[in-house]
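Peer 1: Fold the following, please.
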Amino acid sequence: MKKTSPWLNAFFIAVLVMTWGVTWPISKVALNDCPPILLSGFRSLGAGILLFLFSLNRLDKLHFSEKWKMYFISGLFNSVLFYGLQTIGLLFVPAGLFSVIVYLQPVLIGIIAWLWVGEAMTALKLTGLLLGFAGVATISLGGLSSHISSIGIVLGILTAFSWAVGTVYMKRISVKVDGIWLITIQSIFGGLIMTGVGSGYEGFSSIVWSTPLLLTLLFLALFSVAIAWLIYFHLISNGNASKIASFNFLVPLISILIGILFLDEPFTYYQLAGLFLIIVSIYLVNRKPVMLTKRTRASLHAHK
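Peer 2: The predicted structure is shown next:
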């Protein structure tokens, strides 16, 4: 598999973090005009349709009859559960806080990837992941002190778990499926299910159609799902899943700043302390271990 240059990977990571960072508050605003399940369905289905049109010249890489189970499992965790749980959860807690809880995902990925696909778990990485968890817990503590719904917290944790499982599974099958078709099928699959469920429980009559809502749905479908997930698949399939996922800790930073600036969401010292721990966490998880020189190794061996 062809490797991407570190600079291009850094660019992809920056685009991904910024895109998903603005997605949370934008989704929170969209909930004023569109109920949560339908919102999740529309953005996922819209992304799937756009990607399908783009992928028509790649039908020879689909192999649906052979790979449909992989598409189904990936769609279940990365689309149906991930988007469905997160959108409902946004009804119970502020966008910034909920995104922080969901971004327990890098910690869960580190553990699952270690157990499932054999990624290395060094003391440095473990320390970084634990600091990331501490950062998330610190920020969540500030939200809990403000009488945030426990249902929202549980939904956030379940969202994080489903996304972590889906990410590691995606890495596991990345050499067996075409990435563009995987994101296309999982988006259509999840979008159809959530739109169908939403039409039954929420009803299309509950939507307040407007030009801003249509533009929001287009942004969420094209950027937050289609483009972002293609970038995410590329990064995960070409790198260490837990290291790539550790940059997701930055997403709550973007989301919280936007929530504070534009949605009048509160800022607390818990958030400041938690975000500091998250930044340290990303540094430790991605820091390369110190390599001993031959002379140092020989010296250590001579003293045994």
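Peer 1: ok, which stretches of the stretch 151-300 of the chain are helices?
Peer 2: In the stretch 151-300 of the chain, helices defined by DSSP state H, counting those that start in this stretch lie at 179-201, 211-219, 228-238, 241-246, 250-262, 269-286, 294-302, listed in chain order.
Peer 1: As a markdown table, the ones you listed with mean pLDDT would be great.
Peer 2: Compiled in a markdown table, the helices of the stretch 151-300 of the chain are given as follows (pLDDT from 0 to 100):
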| stretch | mean pLDDT |
| --- | --- |
| helix 179-201 | 94 |
| helix 211-219 | 95 |
| helix 228-238 | 92 |
| helix 241-246 | 77 |
| helix 250-262 | 76 |
| helix 269-286 | 79 |
| helix 294-302 | 49 |
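Peer 1: Among the ones you listed, which comes closest to Trp20?
Peer 2: Of all the helices of the stretch 151-300 of the chain, helix 250-262 sits nearest to Trp20, with 4.8 Å by Cβ to Cβ. From N, CA and C alone the C-beta is placed, and that goes for glycine too.
Peer 1: Going by contacts, tell me the helices and strands next to that closest one.
Peer 2: The helices and strands touching helix 250-262, judged by 3 or more Cβ pairs under 8 Å, 6 or more residues apart in numbering; DSSP states H and E, are helix 6-30, helix 95-102, helix 123-144, helix 269-286.
Peer 1: Need the helices of the stretch 151-300 of the chain in JSON lines (columns: mean neighbour count and distance to Asn78).
Peer 2: Putting the helices of the stretch 151-300 of the chain into JSON lines (neighbours: other Cβ atoms under 10 Å; distance: least, Cβ to Cβ, whole Å) gives the following:
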{"stretch": "helix 179-201", "mean neighbour count": "21", "distance to Asn78": "6"}
{"stretch": "helix 211-219", "mean neighbour count": "14", "distance to Asn78": "19"}
{"stretch": "helix 228-238", "mean neighbour count": "20", "distance to Asn78": "8"}
{"stretch": "helix 241-246", "mean neighbour count": "26", "distance to Asn78": "13"}
{"stretch": "helix 250-262", "mean neighbour count": "21", "distance to Asn78": "16"}
{"stretch": "helix 269-286", "mean neighbour count": "19", "distance to Asn78": "22"}
{"stretch": "helix 294-302", "mean neighbour count": "9", "distance to Asn78": "43"}
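Peer 1: got those helices as a markdown table, with distance to Gly156 columns?
Peer 2: Converted to a markdown table, the helices of the stretch 151-300 of the chain look like this (distance: least, Cβ to Cβ, whole Å):
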| stretch | distance to Gly156 |
| --- | --- |
| helix 179-201 | 18 |
| helix 211-219 | 22 |
| helix 228-238 | 19 |
| helix 241-246 | 16 |
| helix 250-262 | 11 |
| helix 269-286 | 14 |
| helix 294-302 | 46 |
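Peer 1: For Asp60, which of the ones you listed is the nearest?
Peer 2: Smallest distance to Asp60 across the helices of the stretch 151-300 of the chain (Cβ to Cβ): 10.3 Å, for helix 179-201.
Peer 1: what's the burial count for the closest residue to Ile258 other than its chain neighbours?
Peer 2: In this structure, Ile258 finds its nearest non-sequential neighbour in Pro25, 4.6 Å apart by Cβ to Cβ, 6 or more residues apart in numbering. Using other Cβ atoms under 10 Å, Pro25 is surrounded by 25 other residues.
Peer 1: So what's the model's average confidence on the helix or strand Phe72 falls within?
Peer 2: For Phe72, the element it lies in under DSSP states H and E is helix 64-75. Average pLDDT, helix 64-75: 94.
Peer 1: cool, and stretch 126-134?
Peer 2: Stretch 126-134 carries an average pLDDT of 82.
Peer 1: Contacts for it, please.
Peer 2: 104, 106-107, 110-111, 242, 246, 249, 274, 277-278, 280-287 (Cβ atoms under 8 Å, 6 or more residues apart in numbering).
Peer 1: and the residue lying closest to Pro36 once chain neighbours are set aside, what helix or strand is that in?
Peer 2: Residue nearest to Pro36 in three dimensions, not counting chain neighbours: Thr87, with 3.9 Å by Cβ to Cβ, 6+ apart. Using DSSP H and E, Thr87 sits in helix 82-89.
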